[in-house]
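1. build the 3D model from these lines:
(2 chains)
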Protein chains: 2
Amino acid sequence: MYGARDVRLETLPDPQLSTGDDAIVRVVAACVCGSDLWPYRGVTPVAAPRQVGHEFVGVVEQIGRDVGVVKSGDFVIAPFYICDGSCSHCRNGVSTSCVNGSWWGSPDRKGRPADGGQGEYVRVPLADGTLFPIGDTPDPAMIPSLVTLSDVMCTGHHAAVSAGVRPGSVVVVVGDGAVGLCAVLAARRLGAETIVAMSRHPARQAMALEFGATHIVADRADAGVSAVHRLTGGIGADCVLECVGTEQSMRQALGSARPGGRIGFVGLPNGGPKLPIMHLFDNNVGVQGGIAPVRGYMADLLPDVLTGTITPGRVFDLHLPLADITEAYLAMDQRRAIKALLVL
Amino acid sequence: MYGARDVRLETLPDPQLSTGDDAIVRVVAACVCGSDLWPYRGVTPVAAPRQVGHEFVGVVEQIGRDVGVVKSGDFVIAPFYICDGSCSHCRNGVSTSCVNGSWWGSPDRKGRPADGGQGEYVRVPLADGTLFPIGDTPDPAMIPSLVTLSDVMCTGHHAAVSAGVRPGSVVVVVGDGAVGLCAVLAARRLGAETIVAMSRHPARQAMALEFGATHIVADRADAGVSAVHRLTGGIGADCVLECVGTEQSMRQALGSARPGGRIGFVGLPNGGPKLPIMHLFDNNVGVQGGIAPVRGYMADLLPDVLTGTITPGRVFDLHLPLADITEAYLAMDQRRAIKALLVL
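-> Modelled structure (predicted):
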């Protein structure tokens, strides 16, 4: 990632084991995240060219001397962050706050570089804590859904869990991107009875319905809130899954939650959506969520992916070889694709 | 309540049944709330003299023609608000958002006045939904703890429930007023293992310890946060019960919660404590709570009060006859009393 509109496929030296706790993974599939568009669009400046990509699956080719769980040959899913899996925060299920954690494409806690996931090989620090091994390489048709466990499916699930979705819940999902669509799937999986997907994009509306949405609301702002209230008998939703992160989307979420309801938010706050505390107080509306500790959800969600009970890989409506990385960014930037899969 | 520093005991006509769904209650005990000090201190202006008081217990003397649950002679606990007990929000456990609800000392939804609780008689609108009858008049020694079910004990419990306190939880309680002390009691009752009470007032520290606090932290601001982290092995608390409502107290709460922890907040937000959404997002710290739907908690807490398992009435460190109402306000205003009970 060189800067705005400037992402290049370049040949670099293969990564080397260096910290003892690391592994080298040959990437089988990766993808472009909505957050990768921030530097691509120039919203976040790029100080120096750097490797990017934080969602990938692959096969372990080498392991460091201290690696004991992950084995060479294992097919692994990488969460979008690096974690040791053993610190107090990891044990509390909040591996995103790992005291030894770090990020793809950045130095690890020992100062050694970890590669970005949009590439052929990645050095994975803290391999035993970070990687989720699932055994042998699965059928290629399964790959897209497995890649979603790196981030978007588990993040949608985090929104649903954080909002307290349970059997019978009335749920509103704000956001029709890959995470919002996966949140619909997660809400249905947890037994929600009513799932209102807010979307004005026909293809995404169709996918939301396929994923389990019972209603679509295309209106936004006050009209969107009114529509939700009409659909819920004037009461509002038990659970609102906020999967965007703008001030407008949070306002939509706040307006949609019933008194005593809860907002599960996973949209990276962008431009500081305000949380009006008097509204929360007067209506007993709770807010829970944040950056999704996806590593801890993988074991829970994997069986439903492997049995085909959920098919979150459907959010990849564009499959490209790594060589076409430029087109992957462009298609997402122009909203021609919900999410682009890179197949290696 | 005439205005700043001007509260008077005056003789008014006895209230009359007027809406069919109402009851006349002879007050046995009432109390002064911290929020009554706002008009008393001139923080909230008083446009016209009005009856005040919203925490009381008493005996039903008359019932309207449509009252079917509450009977004449019943000893009743009044929550700090009026609710019908039957609307969707009440059925969802959020009776503070009752669609037919109103407030003591204000007109009810039919425009008829409801008296304040600091007086001899009160007309109670929506008597069947509002009042919690407990049978015959109990032993006088039980009265103080029963009065706390009108507000402070149930509100402390709401903080604990909203923060998700459960057996083994590590809890921090911010605030050593009556609600904060009751929150300590509620956390212990729900099985918390570690309860850190933040207080710099010796008598309140002693009561917190008596109520089940395992540690006292007298420091505030950054030093208070550091002390909490020292006591929790650098991790922070699972649950923080925010029982004050200032920007400083919310900052204390945010600093004390561990990643993935939750703040249960019941302090009426005063001066707009900010909720820094990036901190919540990065650390997966949740915020839940608000004005406590106490009516719904009474049945749960009453047995423990009647058996003496909890004695929240200890927060009343000043008992006065109604005639000394002026002294009740003054003692609370000057922080000579935690909370003043008015015995009729």
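
2. restricting to C-alpha, output stretch A:10-18 in PDB.
-> Presented in PDB, the C-alpha positions along stretch A:10-18 are these (Å, rounded to 0.1, in the frame of the first residue of the first chain):
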ATOM      1  CA  GLU A  10       5.400  -6.600  -5.500                       C
ATOM      2  CA  THR A  11       7.900  -9.400  -5.000                       C
ATOM      3  CA  LEU A  12       9.500  -9.400  -1.600                       C
ATOM      4  CA  PRO A  13      11.900 -11.900   0.000                       C
ATOM      5  CA  ASP A  14      10.100 -14.800   1.600                       C
ATOM      6  CA  PRO A  15       9.600 -14.300   5.300                       C
ATOM      7  CA  GLN A  16      11.800 -16.200   7.800                       C
ATOM      8  CA  LEU A  17      11.000 -17.700  11.100                       C
ATOM      9  CA  SER A  18      12.600 -15.400  13.700                       C
END
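
3. tell me which parts of chain A are close to chain B?
-> Residues of chain A lying near chain B by C-beta under 8 Å from any C-beta of the partner chain: A:88-89, A:92-94, A:96-97, A:162, A:233, A:235, A:250, A:258-260, A:262, A:265, A:268-269, A:272-275, A:277-278, A:280-291, A:293. The way it works is simple: take the backbone N, C-alpha and C, and place the C-beta from them, glycine included.

4. what residues are up against residue A:250?
-> Contact analysis of residue A:250 by C-beta atoms under 8 Å, 6 or more residues apart in numbering or on different chains lists A:242, A:244, A:263, A:265, A:267, A:269, A:273-275, B:277.

5. which of those fall within helices?
-> residue B:277 (DSSP state H).

6. ok so, going back, give the buried subset of the residues of chain A next to chain B as a PyMOL selection command.
-> Selecting the buried subset of the residues of chain A next to chain B in PyMOL, with 16 or more other C-beta atoms under 10 Å in any protein chain shown as the burial test, is done by:
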select buried, chain A and resi 88+89+92+93+94+96+97+162+235+250+258+259+260+262+265+268+269+273+275+277+280+281+282+283+284+285+286+287+288+289+290+291+293
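
7. direction included, what does the helix or strand hosting residue A:30 pair against?
-> Applying DSSP states H and E as the criterion places residue A:30 in strand A:23-31. Based on DSSP bridges, the strands next to strand A:23-31 in the sheet, each with its direction, are strand A:56-63 (antiparallel), strand A:121-124 (antiparallel), strand A:339-343 (antiparallel).

8. go through the first one and flag the buried ones.
-> Of the residues in strand A:56-63, those scored as buried under the neighbour-count criterion (16+ other C-beta under 10 Å) are A:56-60, A:62-63.

9. ok, now which ones touch residue A:304?
-> Shown in contact with residue A:304 (C-beta under 8 Å, 6+ apart): A:189, A:310.

10. for it, phi and psi?
-> Backbone geometry at residue A:304, expressed as degrees, to the nearest 10, gives phi -70, psi -30.

11. what's the domain layout of chain A?
-> Split into domains by automatic domain parsing, chain A comes to A:23-151+A:294-343, A:152-289.

12. just send those back as TSV, with mean pLDDT too.
-> Output for the domains of chain A, formatted as TSV (pLDDT from 0 to 100):
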stretch	mean pLDDT
domain A:23-151+A:294-343	96
domain A:152-289	95
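
13. give me whichever of these is most buried.
-> Of these, the one with the most neighbours on average (mean count of other C-beta atoms under 10 Å in any protein chain shown) is domain A:152-289, at a mean of 23.

14. measure it end to end?
-> 14 Å (C-alpha to C-alpha, to the nearest Å).

15. repeat for stretch A:304-311
-> For stretch A:304-311, the end-to-end distance is 8 Å (C-alpha to C-alpha).
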